[in-house]
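Participant: Just a sequence and a predicted model for now, questions to come.
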Amino acid sequence: MNFIDEALLEIKAGSGGSGCLSFRREKYIPRGGPDGGDGGRGGDVFLKANKNINTLVDFHHKKVIQAKNGRNGSGKNMKGQDGESIFLSVPQGTVVLDADTGDLIIDCNEEKDYLLAKGGDGGLGNARFKSSTNQAPRKITKGEDGESINIKLELRSLADVGLVGFPNAGKSTFLNTVSSAKPKIADYPFTTLRPHLGTIKYSDNSFVIADIPGIIEGASDGHGLGIKFLKHISRTGILLFFLEAFSEISVQDQFLKLKKELGDFSEKLLEKEFYIVVTKIDLIDEETRFETLNTFNAKEFANVFGISSVTGEGVQELLDDISRKIFI
């Protein structure tokens, strides 16, 4: 299945049907009077948040969504049929933005139905306007137009922890080791082409980790893949900065560059609690390992861990500490 996390749609709720102009005319009934029925109500458009869906691919080629209009009223005081409403299933965590202004309209962070566009009310038939002074009204009203709006859907994954790092920093290997998620792993950049979610079981609880594609310098200016998916960690409570120990770039420089790209994307990401995770420590000797981990001042960086997803060193200690932050 293709991974699509954005979609532009024109949403139109149904318009109400018009009221009917009718008079009862039956044999042997000389004074039939007005009997025009009301128009039916237009259909609504709802979003249905579904935790079992993880892509917006259903809307990739669908540009206009329109609910049914209400039927016009008819004689014998018969009300027009209401227009059928539409329920659009979207992944839980989808946000709805006004396509023209970018303003947030709905945040589908709970598994329930959200009203997106309201259908128009039906018009009134002439039977509604009968009175003691007007026994034969010829007045009716037309149905109201349904609401219409251009929207942008954005999927923002719901996760407790988000992984950020340069390509090949070991994020996918870590997620593959500690969860049932099976992201693609290989020795070349951008093996992660879509966000992956992994559930970590811990005692009687569990938490979700989101792995996004690797970030490169200039990502905030549109280079690479990672910045496109940073919205998927906008909801996370904790960020893990994955820094590769066995690299030509120092771990401190890696951290500063990643921090800059995140800040350029959104300053709010830098307000989150974070861990520094130095990966692939099995590839460096003890002396280099000590120097690398002590690059970060303990007073400023309280959460610094060295791990090897291959040997398992430091992984459980990291998960234990994260779990304490989430559940305690």
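Facilitator: Sure thing, it's come through.
Participant: which SS class is Y114?
Facilitator: Three-state assignment for Y114 (DSSP: H, G, I helix; E, B strand; the rest coil): strand.
Participant: Quick one: residues contacting G170.
Facilitator: Each residue near G170 by C-beta atoms under 8 Å, 6 or more residues apart in numbering is listed here: 242, 244, 279-280, 309. (Glycine included, C-beta is placed from N, CA and C.)
Participant: Check the offset of stretch 125-138 from the chain's centre.
Facilitator: From the chain centre to the centre of stretch 125-138 is a distance of 51 Å (C-alpha atoms, centre = their mean, to the nearest Å).
Participant: and V161, backbone torsions?
Facilitator: Per-residue torsions, V161: phi -130, psi 140 (degrees, to the nearest 10).
Participant: pLDDT score for it?
Facilitator: V161 is assigned 89 on the pLDDT scale.
Participant: Can I get the contacts of G170 in a markdown table including distance to H61, pLDDT and secondary structure?
Facilitator: Shown next, in a markdown table, are the contacts of G170 (distance: C-beta to C-beta, whole Å; pLDDT from 0 to 100; DSSP: H, G, I helix; E, B strand; the rest coil):
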| residue | distance to H61 | pLDDT | secondary structure |
| --- | --- | --- | --- |
| F242 | 36 | 94 | strand |
| E244 | 40 | 93 | strand |
| T279 | 40 | 94 | strand |
| K280 | 42 | 93 | coil |
| S309 | 39 | 90 | coil |
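Participant: Quick check: the farthest pair among these?
Facilitator: Farthest-apart pair in these is E244 and S309; separation 11.7 Å (C-beta to C-beta).
Participant: Now do the shared contacts for these two.
Facilitator: Any residue near both E244 and S309 by C-beta under 8 Å, 6+ apart counts here, and that gives 170, 279.
Participant: thinking again about what came up before, and the contacts of G170 as CSV, adding distance to A99 and neighbour count?
Facilitator: Output for the contacts of G170, formatted as CSV (distance: C-beta to C-beta, whole Å; neighbours: other C-beta atoms under 10 Å):
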residue, distance to A99, neighbour count
F242, 35, 27
E244, 39, 20
T279, 40, 27
K280, 43, 22
S309, 41, 21
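Participant: of those, closest to S74?
Facilitator: Nearest to S74 among these, with distances taken as C-beta to C-beta, is F242, at 67.1 Å.
Participant: I'd assumed N168 was in contact with the closest one.
Facilitator: No - counting by C-beta atoms under 8 Å, F242 sits too far from N168 to count as a contact (9.9 Å).
Participant: I'd guessed R41 sits against A67; true?
Facilitator: No - between R41 and A67 there is no contact under C-beta under 8 Å: 10.4 Å.
Participant: overlap in contacts of the two?
Facilitator: 14, 83, 119.
Participant: would V90 count as being in a strand?
Facilitator: Yes - counting by three-state DSSP, V90 falls inside a strand.
Participant: ok, it - contacts?
Facilitator: 47-50, 53, 56, 108, 153, 155.
Participant: Could you pull out the helices in this protein for me?
Facilitator: 171-178, 251-265, 286-293, 315-327 (DSSP state H).
Participant: can you list these in TSV and add mean neighbour count, distance to Q135 and mean pLDDT?
Facilitator: What follows is these, written out as TSV (neighbours: other C-beta atoms under 10 Å; distance: least, C-beta to C-beta, whole Å; pLDDT from 0 to 100):
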stretch	mean neighbour count	distance to Q135	mean pLDDT
helix 171-178	22	77	85
helix 251-265	18	69	89
helix 286-293	13	92	89
helix 315-327	15	72	90
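Participant: Make a markdown table from these and add distance to S74 to it.
Facilitator: Below are those laid out as a markdown table (distance: least, C-beta to C-beta, whole Å):
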| stretch | distance to S74 |
| --- | --- |
| helix 171-178 | 61 |
| helix 251-265 | 57 |
| helix 286-293 | 80 |
| helix 315-327 | 60 |
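Participant: Relative to R128, which of the ones you listed is closest?
Facilitator: Of those, nearest to R128 by C-beta to C-beta is helix 251-265, at 56.2 Å.
Participant: and stretch 88-97, what's its mean pLDDT?
Facilitator: pLDDT averaged over stretch 88-97 gives 90.
Participant: From one end of it to the other, what's the distance?
Facilitator: This stretch, stretch 88-97, spans 16 Å end to end (C-alpha to C-alpha, to the nearest Å).
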